[in-house]
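Engineer: here is a sequence with its predicted model. Questions after.
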Amino acid sequence: MELKHHTFQQDWSKLTPDLIHLISTKFTEISDLVRFRSVCKNFHAFAFLQNSVNRLPWLLKTLYPEPDSLFHFYSSSFESHKFHIPQMICSKKSLVRSSCDGYLIAYDSEISSPFLFNPITRRKISLPPLNVRWCNAIYIGKEEIGIIGSVSNDVNKSKILAFLTLGDDCWRTVELEGLYKSYGHLYDDKKCYVYRHDGCIDVRDTSTSDLVLQIKPKFVSARPKICYSYGGGSYLVALDQEIFQVYRVNDDSLPVEQCYFDIHRLESVENGEFKWVRVRDIGDKMLFADSVRVFSLKASDFEGYKGNSIYFVKFENVFSEWNCVLCRYDIKDGRAERLPYLVEYGNTWFMPKLVD
């Protein structure tokens with residue numbers, strides 16, 4: 001007896017809304033989500049654009065926008081994305097300083113005003129004038145932002161800390177006395193941790209700008225030599241409601257295999273004193289480090305990524321040309337390795353934000 005084989009065809013366009021939405025939350029690449037939404041009207045209707053926590057950062061290629069030019073981003077699969085820069089944010093004096101929470105923060109010295117720009121949604125948020133020569137974002141929230149800047153082009157000169165409640169007409173500014181770093185600061189639980197060159201930390205209430213605590217931590221192990229060059233430095237990051245310091249050695253002239261990081265956890269001791277304790281394990285967390293900040297994600301949320309690691313980019317002479325290479329540092333083993341991605345240029349991590 002001859003058996004007949006029946007082929008059952010599934011009409012994917014008739015998947016239930018709940019299932020479509022569930023599938024759409026699994027994409028870590030924005031380009032994959034966009035393609036998924038373009039399959040049919042049903043997919044487009046129920047695969048919502050949302051700011052999923054399971055999103056990998058991109059690398060920003062250029063910091064110098066010009067009229068009719070493009071922003072170049074490398075996604076986690078190192079697919080190149082290009083975004084036209086609106087004429088309104090371009091001038092000869094515009095410079096993208098850093099990225100934070102889905103926005104690029106830029107400063108136009110012609111009008112003494114910083115502004116925010118989301119290259120995905122193309123939203124620009126103009127901010128009140130601020131008399132600084134440069135600025136870096138510490139945090140950008142839904143209602144408030146905090147930046148550090150300087151009235152001089154010399155990063156070693158005195159700096160100001162500025163807070164703004166979005167919608168207000170002016171900044172709340174604090175002049176910082178002494179040598180404060182231009183990078184590596186932290187916002188956590190409505191407090192701003194401002195890092196000084198001597199290793200001390202000023203903790204300020206972001207709603208009032210008041211100094212509520214000054215931390216002078218001691219090192220239990222040997223203290224790393226603080227490095228001020230572009231390829232090294234120390235940064236603050238919050239992991240599971242604890243404060244960590246991530247120190248990166250100056251690796252400008254080192255091969256990838258000799259790059260290393262030191263990580264210390266901030267612990268309180270008696271009489272209001274604090275200490276840095278060196279750690280070799282941060283669990284499932286993976287850190288992303290650039291020249292301005294360090295932030296964390298859970299490795300288990302992303303296939304192919306490794307926890308207890310630091311992902312970073314460094315300059316290297318490849319085939320007689322200077323390029324950026326993506327690297328990963330194993331915190332437990334203390335070893336760095338080059339990953340199989342060659343980046344033409346890019347040293348600023350950017351977390352794409354689909355919805356403002």
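Structural biologist: Nice, thanks for sending it over.
Engineer: quick one: buried residues of stretch 13-23?
Structural biologist: Buried residues in stretch 13-23, counting neighbours by 16 or more other CB atoms under 10 Å, are found at Leu15, Ile20. The C-beta positions use only the backbone N, C-alpha and C, and glycine is treated the same way.
Engineer: over to stretch 33-44?
Structural biologist: Leu33, Phe36, Arg37, Asn42, Phe43.
Engineer: which stretches of this structure aren't confidently modelled?
Structural biologist: For the chain, the stretches with pLDDT under 70 are 1-10, 28-31, 49-54, 61-98, 108-112, 152-157, 219-232, 317-322, 341-347, 356.
Engineer: from Ile125, how far off is Ile145?
Structural biologist: Ile145 is 9 Å from Ile125, where distance means CB to CB, to the nearest Å.
Engineer: overlap in contacts of the two?
Structural biologist: Jointly contacting Ile145 and Ile125 under the rule CB atoms under 8 Å, 6 or more residues apart in numbering are Leu116, Leu166.
Engineer: of these two, who's got more company?
Structural biologist: Neighbours per residue (other CB atoms under 10 Å) separate Ile145 from Ile125, with Ile145 holding more: 26 against 15.
Engineer: for the more buried one, which non-adjacent residue is spatially closest?
Structural biologist: In space, and not counting its chain neighbours, Ile145 is closest to Leu164: 5.4 Å by CB to CB, 6 or more residues apart in numbering.
Engineer: which ones are touching the one you found?
Structural biologist: Leu127, Pro128, Glu144, Ile145, Gly146, Cys170, Trp171, Arg172.
Engineer: now for Ser113: which residues touch it?
Structural biologist: So Ser113 contacts Tyr107, Ser126, Leu127, Pro128, Pro129, Leu130 (CB under 8 Å, 6+ apart).
Engineer: ok, back up a step: among the contacts of Leu164, name the buried ones.
Structural biologist: Leu127, Glu144, Ile145, Gly146, Trp171, Arg172.
Engineer: quickly list what the last one is bridged to.
Structural biologist: For Arg172, the beta-bridge partners are Phe163 (DSSP bridges).
Engineer: so who does it touch?
Structural biologist: Ala162, Phe163, Leu164, Ser209.
Engineer: any idea how far the third one lies from Ile147?
Structural biologist: Plainly put, Leu164 is 8 Å away from Ile147 if you go by CB to CB.
Engineer: what does the first one give?
Structural biologist: Here the criterion is CB to CB. By it, Ala162 lies 5 Å from Ile147.
Engineer: of those two, who's got more company?
Structural biologist: Counted by other CB under 10 Å, Ala162 and Ile147 do not tie: Ile147 has more neighbours, with 28 against 23.
Engineer: so the more buried one touches Thr173, yeah?
Structural biologist: No: contact between Ile147 and Thr173 fails when scored by CB atoms under 8 Å: they sit 10.0 Å apart.
Engineer: give the residues shared as contacts by the two.
Structural biologist: The contact lists of Ile147 and Thr173 share Leu130, Leu161, Ala162, where a contact means CB under 8 Å, 6+ apart.
Engineer: just give me the neighbour total for the closest residue to the second one other than its chain neighbours.
Structural biologist: In other words, Leu161. Closest residue in space to Leu161, ignoring its immediate chain neighbours: Val174 at 4.5 Å, by CB to CB, 6+ apart. For Val174, the count of nearby residues is 19 (other CB under 10 Å).
Engineer: same question for the one 4 residues further on.
Structural biologist: By other CB under 10 Å, 11 other residues sit near Gly178.
Engineer: in three-state terms, how would the closest residue to Phe350 other than its chain neighbours be classified?
Structural biologist: Nearest non-adjacent residue to Phe350, counting by CB to CB, 6+ apart: Ser99, 4.3 Å away. Put simply, Ser99 is strand when judged by DSSP: H, G, I helix; E, B strand; the rest coil.
Engineer: I figured Ser99 hits Leu59, correct?
Structural biologist: No: judged on CB under 8 Å, Ser99 makes no contact with Leu59 at a distance of 10.1 Å.
Engineer: list residues touching both of the two?
Structural biologist: Listed as contacting both Ser99 and Leu59 by CB under 8 Å, 6+ apart are Thr348, Trp349, Phe350.
Engineer: Cys327: which of the residues you listed is nearest?
Structural biologist: Checking the shared contacts of Ser99 and Leu59 against Cys327 by CB to CB gives Trp349 as the nearest, at 13.3 Å.
Engineer: can you tell me the closest non-neighbouring residue to that closest one?
Structural biologist: Per CB to CB, 6+ apart, closest to Trp349 is Pro57, 4.4 Å.
Engineer: next one: phi and psi at Gly149?
Structural biologist: phi -150, psi -180 (degrees, to the nearest 10).
Engineer: which residues are in contact with it?
Structural biologist: Tyr107, Leu130, Val132, Arg133, Trp134, Cys135, Asn136, Lys159, Ile160, Ala162.
Engineer: buried subset of the residues you listed as a PyMOL selection?
Structural biologist: Those of the contacts of Gly149 that count as buried under 16+ other CB under 10 Å are selected in PyMOL with:
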select buried, resi 107+130+132+134+135+136+159+160+162
